[in-house]
Structures are given as structure tokens and as C-alpha cells.
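[1] the following block contains a protein sequence and its predicted model.
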Amino acid sequence: MRIGFIGTGTIASAVVRAIANDGHLITISERSKAFSSALASEFSSVSVADNQMVLDQSEVVFIGLIAATAKDILKGLCFRDGQRVISFMAGVALEDVATMVAPADASAVMLPFPTIANGGSAILALVATELVQAIFGERNRVFALKDAKELDAYLCAQAILSPIARMVSDTAHWLGNRIEDGEAGEEFLRVLVASSLGQSRADDLIAALNTEGGYNQRLRLHLEQSGQSLDTLRGLDGLEQGTLA
């Protein structure tokens, strides 16, 4: 495919890396020059152009702009009929994207994560999920969503990633103060968490680690009794309702 990217930040760069060796011709915008220059230097399939040239050379266009600035940036550009547009802009309804990119087809909202660069990543997709699947599905897991309400719920739920990383980081620092090789300690924790959750449902894993008086049970119960589970649910409700500062 001839694929273009308007906006080349951290997430868009990861997406480019995910498909740069798949035979596509990729044109990325000059915006965020540090990212775009690095990608063009690394991959022969990637070239850099101004925003309009990106559109002129692409049949599928990814929009990776900050929502607050997208309207102003896109209003001076000429999209064309038959182009398919996929938006990375969380919180911007597909109907609003359609207005910004007319007469092109606002085909899908896609929410990737940085791990897409190496494959094996989760991808959220709303509408035209077959297009997202065709481009990324061979090496990643595409989760097709029913509607905008589901997308909002998934957006809130994915925010658990940072708290989990915080817990692993805190534990790694605790462990690092007690062992010789702190980096190995953190790697152990990352492999342990990723492999365990990757191979088992969360409730099944909790049950398997629920040995009476065991280390896992004792720490989990301590955290639950400290209010961690309730605080997590309250935080998710706050994200959903827009009341979480």
C-alpha cells in the first residue's frame, strides 16, 4: 500500500516501525522532525514530505495529531475522494474526523501502543477493522470494538498499564537494594509478570497463586485490605465520568 502519516510523534513512529519492512511505500510528515528524520534514515521504504505531499502520495492516511491542534492543521489540506483515513486521536469521534478530512473516508479509529513496533501488541480498532487487521493483524492482536461507548470504556481500562508499571518499578527498586544486580532483578519481574498474565486469565492466575499463607496471597490481601482494589475501581469510574483530576 501507499501509506501516509500526518503527525510523527512517539506512537506514530512506533506504528511506522511496525510496517516499515512489509513492502509498503510510506510517506511521513515533517512534523516532529527528530522522529521523521530518524525513520527515513533507518528505512528505505520511508520518505519525509510536507503534509500535503503526504496526502498526494498516499491511499491510506494515518492521523497522529494532538486533538487540540488537529482541526487547524488539517483545514488547510486537500484530501481526496477514495482516500481512507485512520485516526490515532483518542477522544475525537470518528464523525468529527470525517468532517476534518472530507471528502476522504474516515474509515477507523485505531489506538495502538508503543509495543506495536516489535509486534505482539494489542490494538484497539473501531469501524473498518478489516483494514486495520490487513495492515497490522499478522503480528499483532486487533480488538474490534462495537461502538464509541466501548471505545471509551477500553480507553479508561487501558490506563491500568501505568499503575502496573509503577508497581513493578517500585518493586524492582526494593529488590535492587537487596541484590547485587538490580537490572537483572527488574528484568526478572518484567518477564514474570508478562509471561504469567500472557498465558493465563487474571482470575485463574490469582487462584493459582492463592496458596494459604503464601507470599503472593499475603501481599495481595495486604494491598486489598489497604483499599487498592476499591481505589482502582474508583479511579476508573472517575476517568469514565471525567471527574478524575
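    Perfect, I can see it now. Note that the structure is a prediction, hence the values are computed from the model and not measured.
[2] avg pLDDT for the longest strand seen in the chain?
    What stands out as the longest strand in the chain, according to DSSP state E, is strand 105-111. For strand 105-111, mean pLDDT rounds to 97.
[3] which strands or helices does the helix or strand following it pack on?
    Once strand 105-111 ends, the next helix or strand along the chain (criterion: DSSP states H and E) is strand 122-126. Judged by 3 or more Cβ pairs under 8 Å, 6 or more residues apart in numbering; DSSP states H and E, strand 122-126 is in contact with strand 105-111, helix 129-136, strand 141-145, helix 148-158. In short, each C-beta sits where N, CA and C put it, glycine included.
[4] confidence score at Ala34?
    For Ala34, pLDDT reads 87.
[5] gap between it and Ser13?
    From Ala34 across to Ser13, the span is 10 Å (Cβ to Cβ, to the nearest Å).
[6] over to Lys33?
    Per Cβ to Cβ, Lys33 is found 12 Å from Ser13.
[7] between Ala34 and Ser13, point out the one with more neighbours.
    Ser13 (21 against 10; other Cβ atoms under 10 Å).
[8] my guess is the more buried one contacts Ala40. True?
    No - if you go by Cβ atoms under 8 Å, Ser13 and Ala40 don't touch, sitting 11.2 Å apart.
[9] mean confidence for the helix or strand Ala68 falls within?
    Per DSSP H and E, Ala68 falls inside helix 67-74. For helix 67-74, mean pLDDT rounds to 93.
[10] okay, domains of this protein per the record?
    Here the domain parsing of the chain from automatic domain parsing is 2-146, 161-241.
[11] out of the ones you listed, which is closest to Leu155?
    domain 2-146 (6.0 Å; Cβ to Cβ).
[12] compute the first-to-last residue distance for the closest one.
    One end of domain 2-146 to the other measures 28 Å (Cα to Cα, to the nearest Å).
[13] again, but for stretch 43-62
    Using Cα to Cα, the end-to-end distance of stretch 43-62 comes out at 18 Å.
[14] elements contacting the helix or strand encompassing Arg234?
    Using DSSP H and E, Arg234 sits within helix 228-241. Where contact means 3+ Cβ pairs under 8 Å, 6+ apart, helix 228-241 is packed against helix 148-158.
[15] now the one helix or strand Ser13 maps to: buried residues?
    Per DSSP H and E: Ser13 is located in helix 10-19. Using 16 or more other Cβ atoms under 10 Å as the test for burial, helix 10-19 gives Ile11, Ala12, Ser13, Ala14, Val15, Val16, Arg17, Ala18, Ile19.
[16] which outside residues touch it?
    Residues outside helix 10-19 that contact it (Cβ atoms under 8 Å, 6 or more residues apart in numbering) are 3, 5, 8, 26, 28, 32, 35, 38-39, 43, 46, 62, 64, 88, 112-119, 121, 135-136, 139-140.
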